[in-house]
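S.K.: What follows is a predicted protein model with its sequence.
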Amino acid sequence: MEQDFLTSNSNHYGCGNYSIYDSQFHIPPTHPRAQSLFTRNMLVDAYRRGLVVSEGLIAHGRGEAFDYLLGEKTSGIAQVAIEAATSALMLSRYPVISVNGNLAALCAKATVELSQLIGAKIEVNLFYRTVRREHLIRKELKSLGAKEVLGTSSGTKAFIPELQSERRRVAPNGIMKADTVLVTLEDGDRTEALAKMGKTVVAIDLNPMSRTARSANITIVDNVIRAIPKMIMAVKKFKDLEQEQREMVMKRIVKEFNNHKNLLESLSIMQGNIA
Ligand code: PTJ
């Protein structure tokens, strides 16, 4: 049983959707917190397979607390941010999706699909960087259809200025060259540094008060397990439009988006759920 649990590849089930039958422990699907428990299983599974660090489990716990306050659903305000973020990525010349351990654990398949739909590069970028983790995450993404995965040690020859952490190492033909970078569960230092480099930063962060949320150009205050599939849906919706109309609509959406206002509204949803 333990072996099945360790070798199962939960990502084949989609974003945050861990099969209950693969779990070491039976979680009844009718359990009121089933989704949240499946998501934890995916992270624990990926931790045991070496993709996620133990610190990633703690980071997820912080996210869970904010998600609980959000009512564990995508708000209308987050949907506005999702459309702005997707538009910014689709309008950009060289978009890159930065992947860390937690994103690989929860949303590898959907991340690969999103990158293919918008023509974005995928780059592994880790705070707790080890060659083994880089390779495991790369392998995971490739097994799910990614043609190219940047960011493994031999290819990370460029450095983000003024950044001390391992996140500073980037691929010259990836994050270094990008005009727009999608980051998730990111630390504020790098978001600020990327913004200083003149890049458009799109973030997915459940904490509307985090430095990442505040310094990104567009922040989606939502769980990656919901946000990434909704971004895929947004891409498909935009692609249904004629090219000229699509560009006009997407440019308007980006222009009208106000990150500060969006964060305040997300915060107010959380406060409203406490009252
Ligand atoms: O894989 P590595 O080595 O790159 O390490 C990744 C972690 C996540 C350990 C590292 O980036 C980290 O320590 O992150 P932080 O600084 O704890 O930031 C995590 C942020 O993401 C917090 O603001 C959380 O609220 C938020 N968060 C956690 N889980 C989710 C989330 N946001 C969206 N979806 C989630 N599932």
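M.R.: Sure, I can see it. Numbering: from 1, shown residues only.
S.K.: who touches stretch 132-147?
M.R.: With contact meaning Cβ atoms under 8 Å, 6 or more residues apart in numbering, stretch 132-147 is reached by 9, 11-12, 49-51, 53, 99, 101, 104, 108-109, 111-113, 115-116, 122, 124, 126, 149, 151-153. Every C-beta, even on glycine, is put in place using the N, C-alpha and C of the backbone.
S.K.: What about the ligand: which of these touch it?
M.R.: Checking the contacts of stretch 132-147 against the ligand by Cβ under 6 Å from any ligand atom, the ones in range are Val53, Gly101, Leu126.
S.K.: Around the second one, how many other residues sit close by?
M.R.: With neighbours defined by other Cβ atoms under 10 Å, the count for Gly101 comes to 26.
S.K.: Same check on the last one?
M.R.: Other residues near Leu126 come to 22 when the count uses other Cβ under 10 Å.
S.K.: Which parts of the chain are helices?
M.R.: 2-7, 34-49, 54-70, 76-91, 101-118, 131-143, 188-196, 211-215, 224-239, 243-256, 259-274 (DSSP state H).
S.K.: any idea of the mean pLDDT for the first one?
M.R.: Yep, that's helix 2-7 we're talking about. For helix 2-7, the mean per-residue pLDDT is 34.
S.K.: now swap in the fifth one and tell me
M.R.: Averaged across helix 101-118, the pLDDT comes to 97.
S.K.: angle of it against helix 131-143?
M.R.: Counting by axes from the mean of the first three to the mean of the last three Cα atoms, to 10 degrees, helix 101-118 lies at 40 degrees to helix 131-143.
S.K.: Could you list the buried residues of helix 101-118?
M.R.: Using 16 or more other Cβ atoms under 10 Å as the test for burial, helix 101-118 gives 101-115, 117-118.
S.K.: Report the angle between that helix and helix 76-91.
M.R.: Calculated by the same axes, to 10 degrees, helix 101-118 forms an angle of 60 degrees with helix 76-91.
S.K.: Please work out how many residues are found near Glu64.
M.R.: 16.
S.K.: Arg33 is in contact with that one, correct?
M.R.: No - checked against Cβ atoms under 8 Å, the pair Glu64 and Arg33 is beyond contact range at 10.0 Å.
S.K.: what's near enough to touch the closest residue to the ligand within the chain?
M.R.: Residue nearest to the ligand within the chain: Gly63 (2.2 Å; Cβ to the nearest ligand atom). With contacts taken as Cβ under 8 Å, 6+ apart, Gly63 has the following neighbours: Leu185, Leu206, Asn207, Asn223.
S.K.: if we go to 6 Å?
M.R.: Shown in contact with Gly63 (Cβ atoms under 6 Å, 6 or more residues apart in numbering): Leu206.
S.K.: Excluding sequence neighbours, find me the nearest residue to Ala78.
M.R.: Leaving out its chain neighbours, the residue that sits closest to Ala78 by Cβ to Cβ, 6 or more residues apart in numbering is Asp222, at 4.2 Å.
S.K.: The ligand contacts on this protein?
M.R.: Within the chain, the positions near the ligand by Cβ under 6 Å from any ligand atom are 53, 55-56, 59-60, 62-63, 66, 100-102, 126-128, 185, 187, 204-207, 210, 223-224.
S.K.: so what's the most centrally placed residue in the chain up against?
M.R.: Closest to where the C-alpha atoms of the chain average out (Cα atoms, centre = their mean) is Thr184, at 3.8 Å. If a contact means Cβ under 6 Å, 6+ apart, then Thr184 has Leu103, Ile204, Val224 as its contacts.
S.K.: neighbours around the second one, how many?
M.R.: Think Ile204. 30.
S.K.: Could you tell me which residues make contact with it?
M.R.: By Cβ under 6 Å, 6+ apart, the residues touching Ile204 are Thr184, Ile220, Val224, Ala227.
S.K.: so the last one makes contact with Ile218?
M.R.: So the one you mean is Ala227. No - under the criterion of Cβ atoms under 6 Å, Ala227 is not in contact with Ile218, lying 11.6 Å apart.
S.K.: hmm, back to that, out of the contacts of Ile204, who's the most crowded?
M.R.: Ile220 leads the contacts of Ile204 on contacts (other Cβ under 10 Å) with 33 neighbours.
S.K.: you'd agree it is up against Glu83?
M.R.: No - counting by Cβ under 6 Å, Ile220 does not reach Glu83; the two are 9.8 Å apart.
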